[in-house]
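Visitor: no sequence on hand, only this structure:
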């Protein structure tokens, strides 16, 4: 496996991950009976909350030690892509929300 620093490609992968998360959240909220403004607002809140945890914006402990998530992406050609710092998935929420609910 090759560790590769490529912030541009990483940004593309981060956008794709957020879109997948937003679509999954949307489906589950529709299944739970939400619609319209309540659906969109709840989807945004869940996506932002989960992405903030992934981005290391929450204090997480295990066995008395502080632990910090570090998001990377593995490709089919055994590359592991990273951006050299913590992810910024929470910054992709609005873009995904706009695409999911077709706002202009």
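Guide: Arrived safely. Not measured: the values here are computed from a predicted model. Numbers count the residues shown, from 1 in each chain.
Visitor: elements contacting the strand or helix carrying residue 42?
Guide: For residue 42, the element it lies in under DSSP states H and E is helix 36-54. In this structure, helix 36-54 packs against helix 7-31, helix 93-100, with contacts taken as 3 or more CB pairs under 8 Å, 6 or more residues apart in numbering; DSSP states H and E. For every residue, glycine as well, the C-beta is placed using N, CA and C.
Visitor: neighbouring contacts of the shortest one?
Guide: To tie it back to what came earlier, the one meant is helix 93-100. Residues from elsewhere that reach helix 93-100, judged by CB atoms under 8 Å, 6 or more residues apart in numbering: 15, 18-19, 21-23, 26, 40, 43-44, 47-48, 51, 103.
Visitor: give me the pLDDT value at the residue of the chain most remote from its centre.
Guide: Largest separation from the mean C-alpha position in the chain: residue 64, at 26.5 Å (CA atoms, centre = their mean). Listed pLDDT for residue 64 reads 96.
Visitor: show me how far the helix holding residue 42 is from its chain's centre.
Guide: On the basis of CA atoms, centre = their mean, to the nearest Å, helix 36-54 sits 11 Å off its chain's mean C-alpha point.
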